[in-house]
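Student: Model the structure of this input:
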Amino acid sequence: MSGHSNWPEWIYVAVVIALMCWVGAEAWETERLIEHVPADAKTIIVTGQQWFWTFEHEDGTKEIGELHVEVGKAYKFEVVSTDVNHSFNIHDYVVLMDAIPGRVNTVWFAPDKVGEHDIQCREYCGLIHYNMRGTLYVTEPSH
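Tutor: Residues are numbered from 1 along each chain as shown. You can find the predicted model right below:
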């Protein structure tokens with residue numbers, strides 16, 4: 001009789017372990033999806049510095065304070081900083097990535113419609129932080 005009194009406890013432990021495995025698998029799946037950059041994504045180096053953003057395209061073209069991309073294409077941002085911590089944010093596309101000196105952080109997105117969007121710094125980076133803005137221009141493909 002005493003051997004069966006532990007059954008409810010073992011069932012409880014088994015359920016907890018199963019839930020932990022399921023939650024862990026779900027978290028892993030979400031992380032994998034976020035980190036899976038499309039193979040055809042074009043790389044743009046995003047550099048934060050007091051108090052503006054620069055963007056360097058794969059072909060060497062550089063832009064300051066504005067970024068031109070084409071609708072329907074994927075872009076991988078390699079986000080860096082030359083001085084203090086910044087945070088690269090395109091609110092309309094839920095793009096948010098820290099720019100930290102000495103580190104390259106990556107995030108990708110694929111704009112789905114033509115338009116203009118604000119680019120902001122979401123990390124207080126000094127006295128003129130509020131002015132560290134840019135504009136994302138999403139245009140029709142050129143060819």
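Student: State the three-state secondary structure for the spatially most central residue of the chain.
Tutor: Taking CA atoms, centre = their mean as the criterion, residue 107 is the residue nearest the geometric centre of the chain, at 3.6 Å. Secondary structure, DSSP: H, G, I helix; E, B strand; the rest coil: residue 107 is strand.
Student: what sits against it?
Tutor: 76-77, 79, 88, 95-97 (CB atoms under 8 Å, 6 or more residues apart in numbering). Glycine gets a C-beta too; all of them are placed from N, C-alpha and C.
Student: Can you tell me what sits against stretch 120-133?
Tutor: With CB under 8 Å, 6+ apart as the criterion, stretch 120-133 contacts 48, 50-53, 65, 84-89, 91, 96, 98-99, 118-119, 134.
Student: Domains of the chain: list them as residue ranges, please.
Tutor: 2-35, 42-139 (automatic domain parsing).
Student: Sort out for me which of the contacts of stretch 120-133 are in helices.
Tutor: The helices, defined by DSSP state H, take in nothing from these.
Student: Narrow those residues to those that are buried.
Tutor: Among the contacts of stretch 120-133, those classed as buried by 16 or more other CB atoms under 10 Å are 48, 50-51, 53, 84, 86-89, 98-99, 119, 134.
Student: Now distance to residue 70 and pLDDT too, for those, in CSV please.
Tutor: Listed next are these as CSV, based on distance: CB to CB, whole Å; pLDDT from 0 to 100:
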residue, distance to residue 70, pLDDT
48, 23, 95
50, 30, 90
51, 28, 89
53, 19, 95
84, 32, 92
86, 25, 92
87, 25, 93
88, 19, 95
89, 21, 93
98, 26, 91
99, 24, 92
119, 17, 95
134, 17, 95
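Student: and which of these is nearest residue 9?
Tutor: The shortest approach to residue 9 among the buried ones among the contacts of stretch 120-133 belongs to residue 98, at 44.6 Å (CB to CB).
Student: how about the nearest residue to that closest one, chain neighbours excluded?
Tutor: residue 87 (5.2 Å; CB to CB, 6 or more residues apart in numbering).
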